[in-house]
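Novice: Using only what follows, build the 3D model:
(one chain, ligands or ions: 2)
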Amino acid sequence: MISQRVRTIEPSATLTLNAKIQELKKSGTKILNLSVGEPDFPTPEFIRKAAMAAIDDGWTRYTAAAGHIEAREAICRHVERTRNVQVDPSQVVISSGAKHCLSQTLLSLVDPGDEVLLSAPYWVSFPELIRQAEGVPLPVLTSARENHRLTPEMLEKQLTPRTTGIILNEPGNPTGLVSSAADIAAIVDFARTNDLWVISDEIYESLLHDGPMHSPFSYDPERVALISGLSKSFAMTGWRIGWTVCNQELAGAIGRLQSHNSSNACTVSQACVAAALDGHDHPDLQHMYDAFRERRDLMVDGLSKISGVNFSIPGGAFYIFVDLTERLGDGGVADDASDFAIRLLEQHEIAVVPGGAFGVSGCVRLSFARPQTELRQAIERIQAFLA
Ligand code: PMP
Ligand code: GLU
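Specialist: Ligands and ions are numbered 1, 2, ... in the order given. Next up, the predicted model:
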């Protein structure tokens, strides 16, 4: 009964694990949840107030399929300020979260059998979304030792005549990768030379711990589709607002697709786009970004004192991808990363995501979107487990 297309799709490992942990928590188990990637801060009050006023002001009907013009104009201002590129509202499509943007952008770019390059470890949903568009994911393995650096030479090795595009994701999930300007320029050059489109998922764009990021969109706005949204940078995961900024032809295609499959993103949530983006330097937001930087420092400091635990220091987002291969297998603390995650949960009440979900074995992802007291406890318990 179920279509071939959907039959083989795995549920999102991160969301499934999070749902299980919420259930366990309800039954009284005190779990330190370092699994899901979701800010633990409330949506800032100035944004909530904008939403409440919008309901009274009649932001309660359908908008244009691509999004309300005032919200798209705010995104244009934001892109000009942060990527130094002038864009027109006709190049912007607002959708129900960055995931929805990725899904529709891939459906608009990928033909059956097209191959799409992506670096591994990758975020769980990328391969499934490529397959949903009947494309073939081509992971390019990066290593913690090389700070997960992705180079044109590595991409070249996987390139075939069927390769049509690349997915980039910075700051990266699960590694926190933020590449140098030179590395981004080289990858965009590689895409141009080989006539590949680029999807650049920048959903963690404001969560930067060591300095600015370098958006591929700034290097080639014709070729690159920039995807971002309110979920992570504004603590608005439940509001479901994402956007794709790209050339007019692609934006038109995504808008047509969206006009049939969801009409428009939630109008009340769209009413917050201008308030959020224009309020980017609001103290509530700066406080949250500072807290994430401090947590990053705490995690790096704590984990670097444990032997056999290797990772590259995340420059952005709120994840650390830890390589445990030295501590697994014969004579180790667990058989493999899944076994490690199960034991950590059962014996020490800490939830982490095994690296298999991100296409890499021997590793686990820790999310530090939790208060410092919980992170300290988690590090102590992990240290005890590995001692
Ligand atoms: N891209 C990445 C890399 C993510 O980690 C997430 C997290 N959910 C998303 C996209 C989806 O974001 P949204 O909640 O806006 O759909
Ligand atoms: N992106 C977050 C994560 O990786 C949220 C869950 C999801 O959308 O997969 O944990």
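
Novice: Can you name the residue of the stretch 201-350 of the chain nearest to ligand 1?
Specialist: Proximity of the stretch 201-350 of the chain to ligand 1 (C-beta to the nearest ligand atom) peaks at Ser231, 3.6 Å away. The way it works is simple: take the backbone N, C-alpha and C, and place the C-beta from them, glycine included.

Novice: and that residue, how many neighbours does it have?
Specialist: Using other C-beta atoms under 10 Å, the number of residues around Ser231 comes to 22.

Novice: try Phe358
Specialist: 26.

Novice: That one is in contact with Tyr122, isn't it?
Specialist: Yes. Using C-beta atoms under 8 Å, Phe358 makes contact with Tyr122 at a distance of 5.9 Å.

Novice: which neighbours do these two share?
Specialist: In terms of C-beta atoms under 8 Å, 6 or more residues apart in numbering, Phe358 and Tyr122 are not both contacted by any residue.

Novice: just the helices in the stretch 151-300 of the chain please.
Specialist: Counting by DSSP state H, counting those that start in this stretch, the stretch 151-300 of the chain has helices at residues 152-158, 181-193, 216-219, 248-261, 267-278, 283-303.

Novice: For the shortest one, name the packing helices and strands.
Specialist: Contacting helix 216-219 under the criterion 3 or more C-beta pairs under 8 Å, 6 or more residues apart in numbering; DSSP states H and E are the following elements: helix 69-83, helix 181-193, strand 197-201, strand 224-229.

Novice: now those in JSON lines, with mean neighbour count, distance to Asp278 and mean pLDDT?
Specialist: As requested, the helices and strands packed on helix 216-219 are exported to JSON lines (neighbours: other C-beta atoms under 10 Å; distance: least, C-beta to C-beta, whole Å; pLDDT from 0 to 100):
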{"stretch": "helix 69-83", "mean neighbour count": "19", "distance to Asp278": "6", "mean pLDDT": "98"}
{"stretch": "helix 181-193", "mean neighbour count": "17", "distance to Asp278": "27", "mean pLDDT": "98"}
{"stretch": "strand 197-201", "mean neighbour count": "25", "distance to Asp278": "23", "mean pLDDT": "98"}
{"stretch": "strand 224-229", "mean neighbour count": "28", "distance to Asp278": "15", "mean pLDDT": "99"}
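
Novice: ok and the residue in the stretch 151-300 of the chain nearest ligand 2?
Specialist: Closest point on the stretch 151-300 of the chain to ligand 2, by C-beta to the nearest ligand atom, is Asn173, at 5.3 Å.

Novice: quick one: pLDDT of that residue?
Specialist: In this model, Asn173 is scored at 98, pLDDT.

Novice: What residues does it make contact with?
Specialist: With C-beta under 8 Å, 6+ apart, Asn173 has these contacts: Gly37, Trp123, Ile203, Tyr204, Ala317, Tyr319.

Novice: Next, count neighbours for the closest residue to it other than its chain neighbours.
Specialist: Nearest residue to Asn173 in three dimensions, chain neighbours excluded: Trp123, at 4.4 Å (C-beta to C-beta, 6 or more residues apart in numbering). Trp123 has 26 neighbouring residues, counting by other C-beta under 10 Å.

Novice: cool, the one 5 residues further on as well?
Specialist: Glu128: 15 surrounding residues under other C-beta under 10 Å.

Novice: Please apply the same query to Tyr319.
Specialist: The number of residues near Tyr319, taken as other C-beta under 10 Å, comes to 29.

Novice: Which residue is it, in the stretch 51-200 of the chain, that comes closest to ligand 1?
Specialist: Proximity of the stretch 51-200 of the chain to ligand 1 (C-beta to the nearest ligand atom) peaks at Gly97, 2.8 Å away.

Novice: Report how many residues lie close to that residue.
Specialist: Using other C-beta under 10 Å as the criterion, the residues surrounding Gly97 number 22.

Novice: For it, give me its contacts.
Specialist: The contact partners of Gly97, by C-beta under 8 Å, 6+ apart, come to Gly229, Ser231, Arg240, Ile241, Gly242.

Novice: and Ser231, what does it touch?
Specialist: Counting by C-beta under 8 Å, 6+ apart, Ser231 touches Gly97, Ala98, Ile203, Thr237, Trp239, Arg240, Ile241, Gly242.

Novice: At the contact with ligand 1, which residues of this protein appear?
Specialist: 37, 97-99, 123, 169, 173, 201, 203, 229, 231, 237, 242 (C-beta under 6 Å from any ligand atom).
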